[in-house]
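# Just need the structure, nothing else, for what follows:
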Amino acid sequence: MRVRVMLTLACIIVIHIDAKTKILLTAALTDSYYSELRKLQYITSFQHLANYGYGYHDFYIVESLQKNEPTFLDSYCKNVLYSQLNNPDMPVGYNEITTLLDALYYFNFDPDDIIIKLTGRHSFYNNTFIKQAENMTCDALFRHCSKVQGTFYTVAFAMRCDRLIDMCEWIKNNFLKPMNLEHHVCLYCAQAKNLNLKFVNRLYVRCNTVGSLSWPGQSTSTYNL
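A predicted model of the protein is given here:
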């Protein structure tokens, strides 16, 4: 790893010359009512990434439920991990963070790499946030959650790999069942030492409100973050 340090009158800026940007999608292929709908949502997300320069070889997926591989995911992405760590007795947020951690170790990214985490059934509708992450000099990029004051959205964010591993390990070891993942991320950032955290006004993600989790018979809708 090569690091260049630039000194200015106001601060010291560390530029990670060899750091690369990696997009890591989380996925859960259920057998429920919305399985086909969710498949279409994933494919849409993959197609959008390809339009922004992240094609078959260029992004990563960690899937948390499917035990029989390969699946259609392998037709769209070369780098797929079928994690075996999902615990049905634990909340969704806990399982998401443990499978995410599993992927970070499995894919063995460089500690300085910038990891853009995206919940895979949602999709970037333009590449603005991706470009912001590619050029970031901080440790993490989040957007404040407008629905729950004092928390950050976790549908999409960017973080340097070593800090992301540290965050996942901390949440895994300190998870409180009544609290959702957004609260845990906020708690980690509040106690983390020397975490250079910045915020964006938009994530440029189109979110699907329904898609195979729990609401048979409900119409689908989308909203933008």
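
# Mind listing what's buried along the host helix or strand of Ser45?
Taking DSSP states H and E as the criterion, Ser45 maps to helix 35-51. Residues of helix 35-51 classed as buried by neighbour count (16 or more other C-beta atoms under 10 Å): Arg38, Lys39, Gln41, Tyr42, Ser45, Phe46, His48, Leu49. All C-beta atoms are positioned from the backbone trio N, CA, C, and that covers glycine.

# In contact with the fourth one, which residues are there?
Put plainly, it is Tyr42. With contact taken as C-beta atoms under 8 Å, 6 or more residues apart in numbering, Tyr42 is in contact with Ala27, Phe72, Leu73, Tyr76, Gly120, Arg121.

# any idea how far the helix or strand containing Tyr60 is from the chain center?
Element membership of Tyr60, judged by DSSP H and E, is strand 59-63. For strand 59-63, the separation from the chain centroid amounts to 10 Å (computed by C-alpha atoms, centre = their mean, to the nearest Å).

# and the angle from that strand to helix 35-51?
On the basis of axes from the mean of the first three to the mean of the last three C-alpha atoms, to 10 degrees, strand 59-63 is oriented at 160 degrees to helix 35-51.

# which strands and helices sit next to the next helix or strand after strand 59-63?
Sequence-wise, the next helix or strand downstream of strand 59-63 (DSSP H and E) is helix 73-76. Judged by 3 or more C-beta pairs under 8 Å, 6 or more residues apart in numbering; DSSP states H and E, helix 73-76 is in contact with helix 35-51.

# how many neighbours does Asp102 have?
Neighbour count for Asp102, taken as other C-beta atoms under 10 Å: 19.

# Tell me how far the closest residue to it other than its chain neighbours lies from Glu169.
The shortest distance from Asp102 to any non-neighbouring residue, by C-beta to C-beta, 6 or more residues apart in numbering, is to Ser83 (4.6 Å). According to C-beta to C-beta, to the nearest Å, Ser83 and Glu169 sit 16 Å apart.

# Any idea which helix or strand in the protein has the lowest mean pLDDT?
strand 12-16 (a mean of 44; mean pLDDT, DSSP states H and E).

# Not counting the very next helix or strand once past it itself, show me its contacts.
Next helix or strand after strand 12-16 toward the C-terminus (DSSP H and E): strand 21-27. With contact meaning C-beta under 8 Å, 6+ apart, strand 21-27 is reached by 42, 45, 49, 54, 58-64, 73, 96, 99-100, 103-104, 107, 109, 113-121, 130, 133-134, 158, 161.

# Can you list the strands that strand 21-27 pairs with?
Next to strand 21-27 in the sheet, as set by DSSP bridges, lie strand 59-63 (parallel), strand 114-119 (parallel).

# where does this protein have low pLDDT?
Applying pLDDT under 70 to the chain flags the ranges 1-18, 32-34, 148, 210-220.

# Strands along that one, start to end?
Listed in chain order, the strands of the chain (DSSP state E) span residues 3-7, 12-16, 21-27, 59-63, 79-82, 114-119, 123-124, 140-142, 156-160, 197-199, 205-208, 222-224.

# Most tightly packed of those strands?
By mean neighbour count, with neighbours taken as mean count of other C-beta atoms under 10 Å, strand 156-160 ranks first of the strands of the chain at a mean of 25.

# how far is that one from where the chain is centred?
Centroid separation between strand 156-160 and its chain, computed with C-alpha atoms, centre = their mean, is 7 Å.

# Give me the sheet partners of it and which way each runs.
By DSSP bridges, strand 156-160 pairs with strand 114-119 (antiparallel), strand 140-142 (antiparallel).
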